[in-house]
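# Have a look; sequence and predicted model below, questions after that.
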Amino acid sequence: MSSLRDQLRNRLIFLAGHFARPIRVEDYEEIADGVYLLRVRHSSGAPDETQVTAEDLSAALAAATLADGALVSPNDLFLWVEAQRIRLAYAHDPLFAVSLSGVRGLPHQIEAVYRHMLPQPRLRFVLADDPGAGKTIMSGLLLKELRLRAAVERCLILCPAPLTTQWQDEMLDKFDEQFEIVNSERTHHQLGRNPWERYGLVIASMDFAKQDSVRGDLLRAEWDFVIVDEAHKASAFTKGGKDESIVKTKRYTLVEGVAQRSERLLLLTATPHSGNEDRADSSDHGDTAFLTKSLNTSIGLSQFNVSRGL
């Protein structure tokens, strides 16, 4: 009995007809002549138990003994080493996402992503560059690097409705990231589960997401990374009067809400100042002055980093 206990204790064995995968034996008890009650634990950590005959147990132990002495297949070893190399490659290649993606990063894009955004542990960044400067490329590179580091699993992209499919195509073609577009059809026909929690990578129209019937479910979802395209459209305005209070639009409220439920927020805009002084105040940021009173105030956060023609 003691020798059998020694063989079984903490042993990984496969019991055909009992479990689909190998299990680890924690204890056993003989409940009848030639019948044992095994207390086991699955690879997930869940406990379980089963009854086995002495013959089944002997066969499982014999197979486990042969497996213990067998050498690993060279092909399996190669695949394991490759998996570990790829998993840790970012630590040795500072531009790993560039190497993996289908883009050739320009100097200002590399500087913005790898010197200004990626090093920040809690990203709050406004990327205010000219049209055609590659803000989508910079966003994709940052997202890819964060996903390679296992820092981001859930990402939300808010953009104007005509750009949703463009964002989806760019992320898939250049960065091999499959985003799902969540629209009214997806939300209205989803039963029993928050549609915003069903997918890990989501693109949505800002005007669709701001609707009262939609915004509540969206703001109940947690996000690791939120990207807001055409972010200047989410700015607030000042209401006249003694207090000059800030009036929150629905877009403003949407961005404010998702910002509070995400560790990383990236705002993209090519027109940070429309010339309307009601949405700006004096500051040292020049064309991005509107951020101090509108976007910066709207999401209830402190300092933003602003990239202008890096």
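Nice, thanks for sending it over. Only a predicted model underlies this, so the values are computations on that prediction, with no experimental measurement involved.
# Can you list the residue ranges for strands in the chain?
Ranges of strands within the chain are 12-13, 23-32, 35-41, 47-53, 124-128, 155-159, 180-181, 201-205, 225-228, 237-238, 246-247, 265-269, 305-307, based on DSSP state E.
# May I see these organised as TSV, with distance to His108 added?
C-beta: built from backbone N, CA, C; applies to glycine. Listed next are the strands of the chain as TSV, based on distance: least, Cβ to Cβ, whole Å:
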stretch	distance to His108
strand 12-13	53
strand 23-32	54
strand 35-41	53
strand 47-53	56
strand 124-128	11
strand 155-159	22
strand 180-181	29
strand 201-205	25
strand 225-228	18
strand 237-238	32
strand 246-247	33
strand 265-269	14
strand 305-307	8
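# Can you lay out those strands as JSON lines showing mean neighbour count, mean pLDDT and distance to Leu141?
Formatted as JSON lines, the strands of the chain follow (neighbours: other Cβ atoms under 10 Å; pLDDT from 0 to 100; distance: least, Cβ to Cβ, whole Å):
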{"stretch": "strand 12-13", "mean neighbour count": "18", "mean pLDDT": "82", "distance to Leu141": "42"}
{"stretch": "strand 23-32", "mean neighbour count": "15", "mean pLDDT": "85", "distance to Leu141": "42"}
{"stretch": "strand 35-41", "mean neighbour count": "17", "mean pLDDT": "86", "distance to Leu141": "42"}
{"stretch": "strand 47-53", "mean neighbour count": "14", "mean pLDDT": "87", "distance to Leu141": "44"}
{"stretch": "strand 124-128", "mean neighbour count": "23", "mean pLDDT": "88", "distance to Leu141": "12"}
{"stretch": "strand 155-159", "mean neighbour count": "25", "mean pLDDT": "95", "distance to Leu141": "13"}
{"stretch": "strand 180-181", "mean neighbour count": "16", "mean pLDDT": "94", "distance to Leu141": "21"}
{"stretch": "strand 201-205", "mean neighbour count": "23", "mean pLDDT": "95", "distance to Leu141": "15"}
{"stretch": "strand 225-228", "mean neighbour count": "24", "mean pLDDT": "95", "distance to Leu141": "12"}
{"stretch": "strand 237-238", "mean neighbour count": "16", "mean pLDDT": "72", "distance to Leu141": "34"}
{"stretch": "strand 246-247", "mean neighbour count": "12", "mean pLDDT": "76", "distance to Leu141": "34"}
{"stretch": "strand 265-269", "mean neighbour count": "24", "mean pLDDT": "91", "distance to Leu141": "11"}
{"stretch": "strand 305-307", "mean neighbour count": "18", "mean pLDDT": "46", "distance to Leu141": "13"}
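# Of all those strands, which one is nearest Asp217?
strand 201-205 (11.2 Å; Cβ to Cβ).
# Could you list the low-pLDDT ranges of the stretch 101-250 of the chain?
Applying pLDDT under 70 to the stretch 101-250 of the chain flags the ranges 102, 189-192, 240-244.
# quick one on the thing from earlier: can you tell me which of the strands of the chain is nearest to Gly257?
strand 225-228 (10.1 Å).
# Would you mind pulling up the elements that the closest one packs against?
Using 3 or more Cβ pairs under 8 Å, 6 or more residues apart in numbering; DSSP states H and E as the contact test, the elements touching strand 225-228 are helix 135-148, strand 155-159, helix 250-260, strand 265-269.
# could these go into TSV alongside distance to Glu26?
As requested, those are exported to TSV (distance: least, Cβ to Cβ, whole Å):
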stretch	distance to Glu26
helix 135-148	37
strand 155-159	40
helix 250-260	44
strand 265-269	46
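# wait, what's in contact with Leu123?
Residues in contact with Leu123, defined by Cβ atoms under 8 Å, 6 or more residues apart in numbering, are 117, 225, 263-266.
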